[in-house]
Every structure is written in C-alpha cells, then in structure tokens.
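Undergrad: Next one to model:
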Amino acid sequence: MSSFRHLTGGAPALLTPLALLALAAGPRPAPAENVKSGGPGSFEVRTGSLKSYLEGVPIPGRTSSNIFREPTSAEMDAWRQVMQLVLEERYIAASQVAGTIGYRLIYFRDTQEGGRHIVLREDTTGPGWHGVYAFRLNPVLDMFTQSPHPLFDGTRVNAIDMYVETGSFAFAQSGTHRLNSPIESPCDGTLRGNPYRISDVSHYMNTFFQAFHEEIRLERPPSITLDVHGMAATTHESHVIISNGTPFTNQNYEQSISRQLADRMNEILDAAGDSRFARSHQEPSTSLPLSGSTNTQGRFTNGSPNPCIIAVSSSPSTERFIHLEQDPEVRSGSRSNWAFVIEALQDVMPLHPEFVPEEPPEQAQLGNWPLDATPEDIIAGRDATFSPGLGEGPGRPGGGPVSPVFNGQSDYILLPHFDYTGGHEEFTLSLWFETTPNDTGSFQYLASQGPVGWDNEVNLPHSLHLYLTNDTGQLRVRFTPSDGSHWLYNGPEGYHDGQWHHLAFTWATGDGAAVYLNGDLLEQSEEVTGSRFNPEGTLRLGTRSDLSQGRFFGNEDPESGRIDDVTIHNRSLPGEEITAIFEGEAPQPVEPGDVWLVD
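TA: I've put the predicted structure just below:
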C-alpha cells in the first residue's frame, strides 16, 4: 500500500510554523454548504465548513432508542477493505465497497479552514451507529485523531477542532454514547465500578473504530495517535494529563512526546499569564491517574498480544499513542479554551513525511483533470459528480497509476456549470482516450457541452461535441460558437482499437477551429470564427450533454473504455504545444490565468 500522498493543486499551505494548516487562499466564503450527488455507495461531493458538517452528524445518547449494533464479521471484513482502499487512494473502489455496508464516501472541500478530505459516514437508513471517519488529502502532521467518547467526555467539538486545525491526516468519531448499549464488553477494566459496554469503542475490539485504528497503524507504523478524552475535574493540580497509554515512565522520558507536549503547553500558558497547568505521566515518580492503560487501541499500538484483556507491562521506548485527558476548563466553553492544546500539537507533533509547503501558483488554474480515479484529481477545486458505477483501470503510459473506466451504458463524469470565463474568445480542450467497440450504442462521446435539439440536433449555438462512431471508430467533431456557424468534421476511422490516443480541439474567434490527433494536425476550419463561446450547463465526460442512451463512452471490458488527463486552456494552443502535450510536456502559460486545469 502507498501512504497518503501530498496532492498538489488547490489552495496552498502557509509557511508559518504555527499556522501550518491554513490551506485556503483568498477570502473565506460564507459557511453555506454545496452538495452534489449522494446515496449509499455513491461518491458525494460537498463544500462548506467541515467542522460544522462533522458536528452535525447524529450521535445517539445513553438512553436513545437508536442502539449501537455490533457489526457482523462480514461487515468488519468489508470495513477493513474500505480502510485499505482509502489508504491506497482508491476512492472509487472504496465508495463501492462502503455502499455494501451502508456507508457513503464524500469528497469534502473545506472552504472555511482549507483542506480537502475524504469523509465516510453512514447512510441515514438503518445505521448501526458505527461512527464517522475522515482522511485528509493534504496532511500536515503525521498524527491521526480519535474521539471515542464525544458525548460522555464532552469532547466532540474539541476533538474535531484538533483534527481540522492541526492538519492531522485522519479522524475517527464514535457513533454513539459509550453507555448506549446495555451489552457488557468482555474486555477488562471498569467504568465507575461497572463493566464497559460494547458501545464503548475504547474498550471493545469488534468495532469499526478499532479497525480504523488498526488498519492505519499497520499501514503507517510511525504515525502517532491522538486519543482525545475529558476528565471530570481538575486532577492532581493539572488541567491536562497526557500519557502514552501506560502508567509507566520510560527511560527517555525527557524526550518523550507526551512530556514534550506537557512542557510546551505549560510554556504557552505561562506566556499568556494563564494559571492552568498540564502534566505528563513521563514525570519521574509520578502517581497520576487516567493513563488509558485499558484502552484497546493504546494496547494494540503498544504491542499487547490481546488488547482486550492483556495490558502491556512497560512504557514503550517510542511513543506512538498519546492519551489526552482534559478537564472542563479546557474542553468546554469557548474554543479559545483549548487553543493552547492545538498550538502545542502543531509545535511538537512530527510533520507528515509527504508534507511539502506549497508556494502559491504563479498561474491561475481553471481546469485540469488527470482523472487518476481520486476525487482530488477529478475535481481539482471544482464540484463534480460521477456515476456510482464508474470503475477504475490501469492508467495510460506516462500518466497516473489508474484511470476511470466507462462501461458504455451509464458511466459519466459531470462538471456542473463549467464556465469558460476568460476563454470565451479562444480555448483548447485536450484529452487522452482508449476504447473498443460496444454493443449498446451508435456513438461513444468523449466530451460534450451545450444544447441538443429534440431531433438530436447538435449544431446549436454554444455547443461542442467530441465523439467516435461505434461501428468504424471514426472521430467526429461538432462545434458551433455564438453566431450559429458550425463545423462538422468527420475524421479518420479505426480509433476504437484499444490503444491510447491524444485528442486536442482548439478555437479562437477570428482564426477558427482545429483538431489534432496524436500530436498531428488533422483539419482546421476558418469558417467558425464566431464572436464568443459560452455554453450553459454541465460539461460532460463520457456521454453526450443530454445523457442520451446509445451515446455513452466505453464498453463492458473492465480495463478498456478510459479517458485520462483532460485539460482546458483559455487560449488556442499552437501546433507545437499540442505536440508537446502528446510527447509528455506541459505547454507553458503565457499570462496569468492562461491555464484552466480541468483536474
């Protein structure tokens, strides 16, 4: 498995050490949320405030009629597969498996705090209350955050803030109150003298929460878990108690992360004239309580052979599990009450190995889709929708590792309200494609935008259609700018041969249009000079703009019918730059705003 990669594009990360996570460029919009698509097994796209979204996920309380349901062994196997697919960045496949167990996968672009996330949450029908999970696509810290008792400990908002504001690479929040289920857990330890319950995800193994922790730990052993808790009141003259999941002091206690965190918190509090105080179990001769020694995730990370019933007998030499207890003066009230905790985490926790601060891009980007079957590549800062059944297959040589596979019957990628702002008078659309004939239609549409008449008329103003005939594999172009002049180009045949081909279409008012295939000019026309090109509605990949049957791209071959690296430029590229794209070189922008990355 590959670990999370730092995805370029989108908003840049700031370079200031205490604000590592401010990834959004420009003014922050209002917190309104935008949603595209949805449903179990679908790939949903949302924009808005991730904090607000996570805080709004329902969590049944202690006496709720919505009772935690223990997952079956088949559900646990499927959930582990989802975790593995997400960690491998195979999000389309992950969404399909998640749908089989009632979860939906959401690409969430946080327009408030910055950052791009994969969120997994249960569908609203028949949930087992197994929790909500998130993975950051542009991680900053090599830390994943857990909120096992958001209601009982009062740490819901507090833990979400720690995930969002620190740049932690993953997040888990329990789906119910820890006492929601009446069924006792077989794991050792007690809560106020009574056995733990199976709804207590810190003390029961057969949960999605535990599997989340284990799969990340197996995939990325060096990462650090931040397990967020709340204690009843100030204990042992401390408002924060930090441990490594054991009550023991290790030999290198002065260099331990838990000790460094406590020391850094106290430095921040002292500098602010704040009388609150943090302590660590890594203090010599300490007798602090609340070490988290019965926590099943802590035991797993610290090497217990059976985390449910076997405690570890010594402190780990390298701390990978941080158990954070906070009293009400820290975890409650104003968000400013726990700001010192977040600042200390930013200062002490290690950076994710693939975190690379990005300079703001020199050129504005409007659209570039590598289509590597990841939401970041498909969306690139723009809302998009793709059909739930869209598959993934091998990427093209010289491209990404995978490409979306279209089935020739119902698959598509939609980019709602794609606007050619800045390119109404000239543009270039280029893409790679590979396909073979199918048995279900007359045409295979590669890209399409603009109106279609009731009698299949495709030569209406402000329309562009690039497609192949299904019988002979003939390339066809239909283009009509604002004045109604149109170009109907019927090109060479045989391009449904299962080989990768590069197609580019250019247009400029006053100069006309041209089409290139595999770097060579096929045809050009000076008759479609027009004055503007500004189609309304959705740009569609893999189907015609009206979603008409018989005009879907691809076939039933699970590894054929692929489109890759779709790019739109807001100028008409000359032939030498088209050839450069075909040969693997990106054309150079001539002015800011010259490239629309349709990623």
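Undergrad: which residues of the stretch 401-550 of the chain score low on pLDDT?
TA: Applying pLDDT under 70 to the stretch 401-550 of the chain picks out residues 416-424, 454-455, 530-531, 536-537.
Undergrad: hmm, 90 instead?
TA: Along the stretch 401-550 of the chain, the parts satisfying pLDDT under 90 run over 401-404, 410-429, 439-441, 449-463, 480-487, 508-512, 526-540, 545-550.
Undergrad: where along it do the strands fall?
TA: 402-405, 413-415, 426-434, 443-449, 463-469, 475-480, 487-490, 501-508, 512-517, 520-525, 539-541 (DSSP state E, counting those that start in this stretch).
Undergrad: Any chance of TSV for the ones you listed, columns distance to Phe144 and mean neighbour count?
TA: For the C-beta atoms, the positions are set from N, CA and C on the backbone; glycine is no exception. Converted to TSV, these look like this (distance: least, CB to CB, whole Å; neighbours: other CB atoms under 10 Å):
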stretch	distance to Phe144	mean neighbour count
strand 402-405	25	26
strand 413-415	30	23
strand 426-434	36	24
strand 443-449	39	25
strand 463-469	43	22
strand 475-480	48	22
strand 487-490	53	16
strand 501-508	40	23
strand 512-517	46	22
strand 520-525	50	16
strand 539-541	34	26
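Undergrad: closest to Ala339 out of these?
TA: Nearest of the strands of the stretch 401-550 of the chain to Ala339, taken as CB to CB: strand 413-415 at 38.9 Å.
Undergrad: got a list of contacts for whatever helix or strand Val330 lives in?
TA: Per DSSP states H and E: Val330 is located in helix 328-331. For helix 328-331, contacts defined as CB atoms under 8 Å, 6 or more residues apart in numbering pick out 153-155, 158, 230, 232-234, 239-240, 276, 337-338, 341.
Undergrad: Stretch 397-405 too?
TA: 90, 92, 370-373, 377-378, 386, 390-396, 411, 413, 432, 500, 542, 554, 558-565, 584.
Undergrad: Which parts of the chain belong to which domain?
TA: Residue ranges for the domains of the chain, per automatic domain parsing: 29-348, 368-596.
Undergrad: and the ones you listed, which one's lowest on average pLDDT?
TA: Least confidently modelled of the domains of the chain is domain 368-596, at a mean of 81 by mean pLDDT.
Undergrad: a strand runs through Asp77, doesn't it?
TA: No. Counting by DSSP: H, G, I helix; E, B strand; the rest coil, Asp77 falls outside a strand, being helix.
Undergrad: Run a quick neighbour tally on it.
TA: Using other CB atoms under 10 Å, Asp77 is surrounded by 14 other residues.
Undergrad: same deal with Glu354?
TA: 15.
Undergrad: now swap in Ser287 and tell me
TA: 8.
Undergrad: just Glu583 next, same as before
TA: Counted with other CB under 10 Å, Glu583 comes out at 10.
Undergrad: wait, what's in contact with it?
TA: Gly519.
Undergrad: For it, give its distance to Gly398.
TA: 9 Å (CB to CB, to the nearest Å).
Undergrad: ok, now Val405?
TA: Val405 is 18 Å from Gly398, by CB to CB.
Undergrad: go on, Thr436?
TA: Taking CB to CB, one finds Thr436 at 21 Å from Gly398.
Undergrad: ditto for Ala508
TA: 28 Å.
Undergrad: Quick check: Glu523 touching Leu488?
TA: No. Taking contacts as CB atoms under 8 Å, Glu523 lies outside contact range of Leu488: 11.0 Å.
Undergrad: what's the following helix or strand after the helix holding Val330?
TA: Assigned by DSSP H and E, the successor of helix 328-331 is helix 339-348.
Undergrad: In three-state terms, label Ala211 for me.
TA: helix.
Undergrad: thinking it is in contact with Met83, fair?
TA: Yes. Taking contacts as CB under 8 Å, Ala211 lies within contact range of Met83: 6.5 Å.
Undergrad: what about Glu425, neighbour count?
TA: Neighbours around Glu425, by other CB under 10 Å: 19.
Undergrad: For Phe386, which non-adjacent residue is spatially closest?
TA: Ile413 (4.4 Å; CB to CB, 6 or more residues apart in numbering).
Undergrad: just checking, that neighbour touches Thr538?
TA: No. Counting by CB under 8 Å, Thr538 is not a contact partner of Ile413; they are 10.0 Å apart.
Undergrad: of Thr436 and Gly398, who's got more company?
TA: Neighbours per residue (other CB under 10 Å) separate Thr436 from Gly398, with Thr436 holding more: 18 against 11.
Undergrad: can you give me phi and psi for that one?
TA: phi -130, psi 170 (degrees, to the nearest 10).
Undergrad: I figured it was touching Asp497, is that so?
TA: Yes. Contact criterion CB under 8 Å: Thr436 and Asp497 qualify, at 7.3 Å.
Undergrad: Start and end of stretch 181-194, how far apart?
TA: 13 Å (CA to CA, to the nearest Å).
Undergrad: quick one on the thing from earlier: what about Ala211 and Met83, which has more around it?
TA: Neighbours were counted for Ala211 and for Met83 using other CB under 10 Å; Met83 has more, 26 against 21.
Undergrad: List the residues that contact the nearest residue to the more buried one once chain neighbours are set aside.
TA: Leaving out its chain neighbours, the residue that sits closest to Met83 by CB to CB, 6+ apart is Glu215, at 3.9 Å. Going by CB under 8 Å, 6+ apart, Glu215 touches 80, 83-84, 87.
Undergrad: Identify the residues contacting Thr207.
TA: Here Thr207 is in contact with 70-71, 130-131, 198, 201 (CB under 8 Å, 6+ apart).
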